[in-house]
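Engineer: Got a predicted model here, sequence first, then my questions.
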Amino acid sequence: MIKLKRVYEPVARGDGRRVLVERLWPRGVRKDDGRVSEWLRDIAPSPELRRWYGHEPARWVEFQRRYRAELRRPARRRLLEALADEARRRTVTLVYAARDTERNSARLVREELEKIPAG
């Protein structure tokens with residue numbers, strides 16, 4: 001099972017393994033406070049794409065296209081496949097910092113994870 005949650009929301013027992021999928025560490029969050037089990041910054045959008053997007057809703061469609069292309073690169077694909085395998089065995093919560101709960105990279109990561117076949 002793959003869940004999504006803002007890093008600023010309280011940790012819940014049902015979150016399972018909490019994986020931060022952001023390039024930058026979230027402001028105001030201490031690295032040792034238990035909100036994140038693992039930080040997969042290499043799965044996040046590239047710095048150039050992140051800066052270009054700037055959370056501008058008008059750029060969302062193009063951001064999705066560009067980010068999905070980045071996620072098809074071999075190194076990122078391997079990270080996605082490993083995460084998808086883990087999510088088949090236990091709950092994984094993709095943790096993100098963006099304020100927009102509908103238009104964020106974690107949502108796209110989850111969609112891509114759900115497309116990966118078992119095996």
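Structural biologist: Arrived safely.

Engineer: Do a quick rundown of the strands in the chain.
Structural biologist: Assigned by DSSP state E, the strands in the chain fall at 2-6, 17-20, 38-39, 92-96.

Engineer: Now find how far off-centre the shortest one is within its chain.
Structural biologist: When distances are taken as Cα atoms, centre = their mean, to the nearest Å, strand 38-39 is centred 10 Å away from the chain's centroid.

Engineer: do the last one as well
Structural biologist: Its chain's average C-alpha position is 6 Å from that of strand 92-96, according to Cα atoms, centre = their mean.

Engineer: And for the second one?
Structural biologist: Its chain's average C-alpha position is 9 Å from that of strand 17-20, according to Cα atoms, centre = their mean.

Engineer: residues in contact with it?
Structural biologist: Contacts with strand 17-20, where a contact means Cβ atoms under 8 Å, 6 or more residues apart in numbering, come from 5, 7, 11, 26, 35-41, 83, 86, 90-96. C-beta here means a position set from N, CA and C on the backbone, and glycine is covered the same way.

Engineer: ok so, going back, same list, the strands of the chain, but as TSV with distance to residue 49 please.
Structural biologist: Listed next are the strands of the chain as TSV, based on distance: least, Cβ to Cβ, whole Å:
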stretch	distance to residue 49
strand 2-6	20
strand 17-20	18
strand 38-39	19
strand 92-96	15
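
Engineer: from the ones you listed, which stretch is densest packed?
Structural biologist: Stretch with highest mean neighbour count among these: strand 92-96 (a mean of 25; mean count of other Cβ atoms under 10 Å).

Engineer: Columns distance to residue 79 and mean pLDDT on top of the strands of the chain, output as JSON lines?
Structural biologist: Formatted as JSON lines, these follow (distance: least, Cβ to Cβ, whole Å; pLDDT from 0 to 100):
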{"stretch": "strand 2-6", "distance to residue 79": "14", "mean pLDDT": "97"}
{"stretch": "strand 17-20", "distance to residue 79": "10", "mean pLDDT": "96"}
{"stretch": "strand 38-39", "distance to residue 79": "11", "mean pLDDT": "95"}
{"stretch": "strand 92-96", "distance to residue 79": "12", "mean pLDDT": "97"}
